[in-house]
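# generate coordinates for the sequence data below:
(one chain, ligands or ions: 1)
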Amino acid sequence: MLFRSHIDLDKYKRAIDRLDVELKGDKPKMYHFTMARLKSAQDLVQRQLIHETMRQSRRLLPCYAGRITAVMNEVGDVFPCEILLDVMGNIREFDYDFRKLFHSEQADRVRAKIHNSRCYCSHECYFVTNILFNPLMYGQVAGQYLQLSGKDPKVAK
Ligand code: SF4
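Residues are numbered from 1 along each chain as shown. Alright, predicted model coming up:
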């Protein structure tokens, strides 16, 4: 995750451009699992989007935190992500039924706040879901995938 005050965005851009070139080179280092090429394509889209998001300081993609992902702390409080402190509910108050909590009014309020505030950040995990669950992104991922097709991958360490 990038925190703008700590990061030289130009260096970040140079690093991700280099990774891009290496992945599209003759012997790309790629993950070694089924659909690894698709994951690499999504990574390429994601890194550029993270850079642009932080450069423009604004949301470029809707965030699905609190919609298809959530995090829970050690006392059962559920949050949309690790960054926002807006509690969607405590799992113990919903008889440990996550579905009930997820459909509560409080959870709706948190999701509405994320949407209405156009919340943005550079949290990689959420970019994964925000890209893979957003059909509008499939064209970009497919474009990167096609540029990786036919490569002879080496296993990334
Ligand atoms: S944009 Fe970032 S901080 Fe905002 S809800 Fe999504 S993951 Fe959390």
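
# near residue 18, how many other residues are there?
10 (other C-beta atoms under 10 Å). (Each C-beta comes from the backbone N, C-alpha and C, glycine too.)

# next, give phi and psi for it.
Backbone torsions of residue 18, given as degrees, to the nearest 10, read phi -70, psi -40.

# quick check: it vs the ligand, distance?
For residue 18, the distance to the ligand (C-beta to the nearest ligand atom, to the nearest Å) stands at 26 Å.

# mind starting the numbering at 636 from now?
Done: numbering now begins at 636, and the last item shifts to residue 653.

# most distant residue from the middle of this protein?
Residue distances from the centre of the chain (C-alpha atoms, centre = their mean) peak at residue 730, which lies 30.2 Å from the mean C-alpha position.

# how near is it to the ligand?
Using C-beta to the nearest ligand atom, residue 730 is found at 26 Å from the ligand.

# again with residue 695
Taken as C-beta to the nearest ligand atom, the span from residue 695 to the ligand is 11 Å.

# please apply the same query to residue 655.
24 Å.

# for that residue, what are its contacts?
Residue 655 is in contact with 679, 682, counting by C-beta atoms under 8 Å, 6 or more residues apart in numbering.

# the helix or strand harbouring it: what's the following helix or strand?
Following DSSP states H and E, one finds residue 655 within helix 644-658. Using DSSP H and E, the helix or strand that follows helix 644-658 in sequence is strand 664-665.

# enumerate the residues of the protein near the ligand.
Proximity of the chain to the ligand (C-beta under 6 Å from any ligand atom) is limited to residues 698, 700, 715, 716, 718, 719, 749, 754, 755, 756, 758, 761.

# identify the residues contacting the residue nearest the centre of the chain.
Nearest to the mean C-alpha position of the chain, counting by C-alpha atoms, centre = their mean, stands residue 762 at 1.4 Å. Residues counted as contacts of residue 762 (C-beta under 8 Å, 6+ apart) are 681, 684, 685, 696.

# in the helix holding residue 655, what's buried?
647, 648, 651, 654, 655, 658 (16 or more other C-beta atoms under 10 Å).
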